[in-house]
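Chemist: this one's structure only:
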């Protein structure tokens with residue numbers, strides 16, 4: 001049975017995508033820890049990130065880096081944080097999020113609900129920033 005991420009990637013479930021290439025996608029978290037919290041997910045459905053083929057893992061980290069740079073410019077946080085936990089969904093993924101401090105990593109503080117219009121605006125801002133960085137071919141609306 002496909003994971004929830006595979007269903008989002010395949011368009012069966014909605015997602016606010018900001019990136020898509022042949023190896024991975026990036027979309028906003030539905031339970032963000034901070035505004036702009038983005039998940040970078042390989043298209044290949046693999047449970048544990050250490051089991052990813054090296055080329056896919058490299059691409060996942062590269063795209064996470066690009067998303068993080070866009071978040072830094074767009075939202076001006078103290079830092080950009082990364083989390084690879086893997087307990088929520090059995091499909092490897094990287095949480096890339098603007099943070100102000102270590103407390104921003106606490107999943108107990110994840111938003112239970114989000115305003116769709118606010119999320120649409122955040123996604124548009126990230127897309128625009130990624131385009132400004134020269135990544136037009138991978139940015140998706």
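Modeler: Nice, thanks for sending it over. Since we're looking at a predicted model, the values are computed, not measured. Residues are numbered from 1 along each chain as shown.

Chemist: quick one, phi psi at residue 53?
Modeler: The main-chain torsion angles of residue 53 are listed as degrees, to the nearest 10 and equal phi -60, psi 140.

Chemist: Within its local environment, how many residues does it see?
Modeler: The number of residues packed around residue 53, counting by other CB atoms under 10 Å, is 12. Every residue, glycine included, has its C-beta placed from N, CA and C.

Chemist: so who does it touch?
Modeler: Residues near residue 53 by CB atoms under 8 Å, 6 or more residues apart in numbering: residue 44.

Chemist: Check what pLDDT it gets.
Modeler: In the predicted model, residue 53 carries a pLDDT score of 97.

Chemist: roughly how far apart are it and residue 96?
Modeler: Residue 53 sits 21 Å away from residue 96 when distances are taken as CB to CB, to the nearest Å.

Chemist: Distance from stretch 27-43 to the middle of the chain?
Modeler: Taking the mean C-alpha point of stretch 27-43 and that of its whole chain, the gap between them comes to 4 Å (CA atoms, centre = their mean, to the nearest Å).

Chemist: do stretch 72-81 as well
Modeler: 14 Å.

Chemist: buried residues in that stretch?
Modeler: Along stretch 72-81, these residues count as buried under the neighbour rule (16 or more other CB atoms under 10 Å): 72, 74-75, 77, 80-81.

Chemist: and if you look at stretch 37-49?
Modeler: 37-43, 46, 49.

Chemist: Okay, and which of those map to strands?
Modeler: With DSSP state E as the criterion, strands contain 38-42 from among the buried residues of stretch 37-49.

Chemist: any idea which helix or strand carries residue 7?
Modeler: Counting by DSSP states H and E, the secondary-structure element that holds residue 7 is helix 4-9.

Chemist: Just want the most central residue of this structure.
Modeler: Relative to the mean C-alpha position of the chain, the nearest C-alpha, by CA atoms, centre = their mean, is the one of residue 39, at 2.1 Å.
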